[in-house]
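[1] 3D model of this:
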Amino acid sequence: KRSNVENYFLSLPDKVNRTQITNDGSYIFNDLKFEIDYDHVMRILMGTELYEQEEIFIRELIQNSYDAIRLREFILRKKGWDIPSPKIKISYDSTLSELTIEDNGIGIDEETLKNYVIEVGKSNYSSNDFLMKEVDFKPISKFGIGILSCFMVSESINIISKRLDENVGIDALLTLEDRYITLKPISYDIQYGTIIKLKLKDFIVKKIEEKELFTIIEENVNILEYPIVIEENKVETIFHNGKISYDKDYFNHFGPIEMVDVDNDYIEGFFVVCNQSQSNALTYKNKLSQQGFIVGGNVLVQQWLTPVLANINMKGEKTLTLKASRNKITQDEKYKEILEICTKSVVNHLDKILSNLKIEQKHPYLSNYLQHRFTLDYLFDFEIDFIAKHIPFLLFSNKNIELINFNRIPKNDNLKISIIPYHLVLSSVSGTN
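    Down below sits the predicted model:
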């Protein structure tokens, strides 16, 4: 064994004499490297260039508290310890222009602060240490920049925290003007969890006064298993949307509308299938959320159906790829999966109804819920089956007009044709007589 090692042993000098090393002109020696304009990049990450609205900082803070509580619950459950009731409390004092959010999550220690909180772009929930824990939930925080959104509304961020199983807490002050952190130990006894205090700028104080904190939270949180205690000028209210619901009488007021309730492994909520005039009259705003928190994007249903309103939450088994701001969706394979799940929910509902109708009843029913003109870029197999089963078409080409069944059109990922359902053409013609 010794001789085998010696065969691969290299005798290297302690120092390298570089005086004999010359350049033949094919290489320019330099120490150039990418540099980042710290001040400019920080302005992007903590401003409306990334986030469309300043109020989004509240969403980012609630997300952090939510993940922290779920991690604490996982650890306590694994140890067989009692799990205390979750706590998220947001307090606002207009006289002090101060907003505080408090939770009893996992907490932050000096190591977490150093390695993740102040390391822009590094998230504890993407670290190897976290992944090795094999937690039973999917964290929302991924990008490691959410805390910076607080600088849109405050010159400083005060973090007071004590991590689970730690004896000493920390008191950290992050300021906008200074890249350095003021860090102090906490000598007094505090419960584990985190308190974040913000001294708000005048413009966001005005917005909170006009909108109220409850409304701002409602605009950013769709459904959350934990209640949020909101204390606004010492008056407490509870925000707790544990389930997506709707007022059936409100929608029925606008005439025949199909309400499609959905609750499966991937999505929960409802779709509203209506005609164009009903859609224009309804004041209901679409909501699309992922793991409870509102994200940007349109209703995820194929366009050949009429305007479909919805309140849909993606539970976490299948999720959309979001941009760092969480306000924009990447249209990748994950998007296509969710699009298929959502469209299938609506199509299956309509198929059950149409299958029980007589042929002469299908025409007026379909006239309500189909676009009069639409372009198909891509169809799932179940959509082709539905359309071929229930809807006749006129095919307009350069040569002639032909009545066809939709299944005569080849299934092709590159399919892109503009079509008008035949029953709608008949409706238009009969309406002129």
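
[2] where do the helices of the chain begin and end?
    Assigned by DSSP state H, the helices in the chain fall at 2-7, 38-45, 56-79, 110-112, 128-131, 202-211, 213-220, 248-252, 276-281, 333-355, 359-369, 381-390, 422-432.

[3] out of those, which is closest to Thr100?
    Of all the helices of the chain, it is helix 56-79 that lies closest to Thr100, at 9.9 Å by CB to CB. Quick note: C-beta positions are derived from backbone N, CA and C, even for glycine.

[4] just the angle for the closest one relative to helix 202-211, thanks.
    80 degrees (axes from the mean of the first three to the mean of the last three CA atoms, to 10 degrees).

[5] export the helices of the chain to TSV and tack on mean pLDDT?
    Shown next, in TSV, are the helices of the chain (pLDDT from 0 to 100):
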stretch	mean pLDDT
helix 2-7	60
helix 38-45	66
helix 56-79	92
helix 110-112	90
helix 128-131	72
helix 202-211	92
helix 213-220	92
helix 248-252	89
helix 276-281	86
helix 333-355	93
helix 359-369	78
helix 381-390	84
helix 422-432	47
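
[6] might you report the residue contacts of Val262?
    Contact analysis of Val262 by CB atoms under 8 Å, 6 or more residues apart in numbering lists Glu268, Gly269, Phe270, Phe271, Ile312, Ser345.

[7] now swap in Arg59 and tell me
    Neighbours of Arg59 in contact, by CB under 8 Å, 6+ apart: Asn220, Val221, Phe293, Ile294, Arg326.

[8] and it, how far from Tyr125?
    Separation of Arg59 from Tyr125 (CB to CB, to the nearest Å) stands at 16 Å.

[9] just Leu176 next, same as before
    Counting by CB to CB - Leu176 and Tyr125 are separated by 25 Å.

[10] quick one, which of these two is more surrounded?
    Neighbours per residue (other CB atoms under 10 Å) separate Leu176 from Tyr125, with Tyr125 holding more: 18 against 15.

[11] wait, the more buried one sits on Gly146?
    No: using CB atoms under 8 Å as the test, Tyr125 is too far from Gly146 to be in contact (10.9 Å).

[12] as TSV, the helices of the chain with distance to Ile181 would be great.
    Formatted as TSV, those follow (distance: least, CB to CB, whole Å):
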stretch	distance to Ile181
helix 2-7	48
helix 38-45	14
helix 56-79	18
helix 110-112	10
helix 128-131	21
helix 202-211	23
helix 213-220	28
helix 248-252	50
helix 276-281	51
helix 333-355	36
helix 359-369	57
helix 381-390	54
helix 422-432	65
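
[13] picking up where we left off before, which two of the contacts of Arg59 have the greatest separation?
    Distance extremes for the contacts of Arg59: the farthest pair is Val221 and Arg326 at 12.3 Å, using CB to CB.

[14] any shared contact partners between the two?
    In contact with both Val221 and Arg326: Arg59, Phe293, using CB under 8 Å, 6+ apart.

[15] before we move on, the earlier item: mind checking which of the helices of the chain is nearest Asn264?
    Nearest to Asn264 among the helices of the chain is helix 333-355; the distance by CB to CB comes to 7.6 Å.

[16] tell me the buried residues in the closest one?
    For helix 333-355, a neighbour-count test (16 or more other CB atoms under 10 Å) marks 334, 338-347, 349-351, 354 as buried.

[17] using PDB, write out the CA atom coordinates for that helix.
    Extracted C-alpha coordinates of helix 333-355, given in PDB (Å, rounded to 0.1, in the frame of the first residue of the first chain):
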ATOM      1  CA  GLU A 333     -43.800  23.300 -17.500                       C
ATOM      2  CA  LYS A 334     -45.100  23.900 -14.000                       C
ATOM      3  CA  TYR A 335     -47.400  26.600 -15.400                       C
ATOM      4  CA  LYS A 336     -48.700  24.100 -18.000                       C
ATOM      5  CA  GLU A 337     -49.400  21.600 -15.200                       C
ATOM      6  CA  ILE A 338     -51.500  24.000 -13.200                       C
ATOM      7  CA  LEU A 339     -53.200  25.300 -16.300                       C
ATOM      8  CA  GLU A 340     -54.200  21.700 -17.100                       C
ATOM      9  CA  ILE A 341     -55.500  21.100 -13.500                       C
ATOM     10  CA  CYS A 342     -57.600  24.300 -13.500                       C
ATOM     11  CA  THR A 343     -59.000  23.900 -17.000                       C
ATOM     12  CA  LYS A 344     -59.900  20.300 -16.400                       C
ATOM     13  CA  SER A 345     -61.900  21.300 -13.300                       C
ATOM     14  CA  VAL A 346     -64.100  23.600 -15.300                       C
ATOM     15  CA  VAL A 347     -64.400  21.400 -18.400                       C
ATOM     16  CA  ASN A 348     -65.400  18.300 -16.300                       C
ATOM     17  CA  HIS A 349     -68.100  20.400 -14.600                       C
ATOM     18  CA  LEU A 350     -69.500  21.600 -17.900                       C
ATOM     19  CA  ASP A 351     -69.200  18.100 -19.400                       C
ATOM     20  CA  LYS A 352     -71.400  16.600 -16.700                       C
ATOM     21  CA  ILE A 353     -74.100  19.200 -17.400                       C
ATOM     22  CA  LEU A 354     -74.000  18.900 -21.200                       C
ATOM     23  CA  SER A 355     -74.100  15.100 -21.000                       C
END
